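Undergrad: curious how this folds, go ahead:
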Amino acid sequence: DATLDASSSPAASPPPVPFRYNPLHDLEALWWVAVYFLLKREIYRADPEPEQQAATEWDREKQREWGEGVFYRTDYRCPIMITQGRGYFYSNISAVVHPTMRPVVRILDSIRQDLVRWYTECEKDPSSIDFSCAQGLYKRFTAKLSEIKDHPQLQDIHVVPLRAPPTLESLDANTIAWTG
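TA: Residues are numbered from 1 along each chain as shown. Below is the predicted model:
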């Protein structure tokens, strides 16, 4: 009989897995949520000191541009996670957010750098990626998020959605210019 039964055939190698769960993806998703809130929100201080008042002006339109770019354009988004060390994310995002939020950018960039290092290490051997691949990073991640929560510069601030620029229809006859 020319046909082989299943018991006599050589062991077939399993097909390649199209996707493998990586717990680093969960942490990265939380990081992107934090970046979303950073870029899609604005802050104002409850009672700014006179010297802080000057620092309350920033270019909302640049922040809006980066917020849209990071989430809707790969030319903005891709360099963020592939850049090792401090660079693209830190320099571009700290330049467009409210000055009070720069410590948040620094801390989020530190988390990003950790993620990039852990991805690089874990992905050296993709077969070793399992539930333990992010072990140790969870604690660092939550500690850095707590650092944001407890940062003294971020106390007594109000966070609101980033205001949209006015449309011509929304301006009345007494409006001279939008000051943002």
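Undergrad: give the next helix or strand downstream of the helix or strand bottoming out on mean pLDDT in the chain.
TA: For the chain, using mean pLDDT, DSSP states H and E, the weakest element among its helices and strands is helix 50-53, scoring a mean of 54. Per DSSP states H and E, the first helix or strand lying C-terminal to helix 50-53 is helix 60-72.
Undergrad: what pLDDT does Gly85 get?
TA: Here the pLDDT value assigned to Gly85 is 71.
Undergrad: pull out the buried residues from the top helix by length along the chain.
TA: The helix that spans the most residues within the chain, counting by DSSP state H, is helix 102-122. Within helix 102-122, the residues that qualify as buried are 103-109, 111-116, 118-119, 122, counting by 16 or more other Cβ atoms under 10 Å. No exception for glycine: its C-beta is placed from N, CA and C like everyone else's.
Undergrad: residues in contact with it?
TA: With Cβ atoms under 8 Å, 6 or more residues apart in numbering as the test, helix 102-122 has contacts from 22, 24, 27-28, 31, 34-35, 38, 80-86, 89-90, 93-94, 97, 128-129, 133-134, 137, 140-141, 144-145, 147-148, 151, 153-154.
Undergrad: go on, stretch 65-81?
TA: In contact with stretch 65-81 (Cβ under 8 Å, 6+ apart) are residues 28, 35-36, 39-40, 88-89, 92-93, 96, 112, 115-116, 162.
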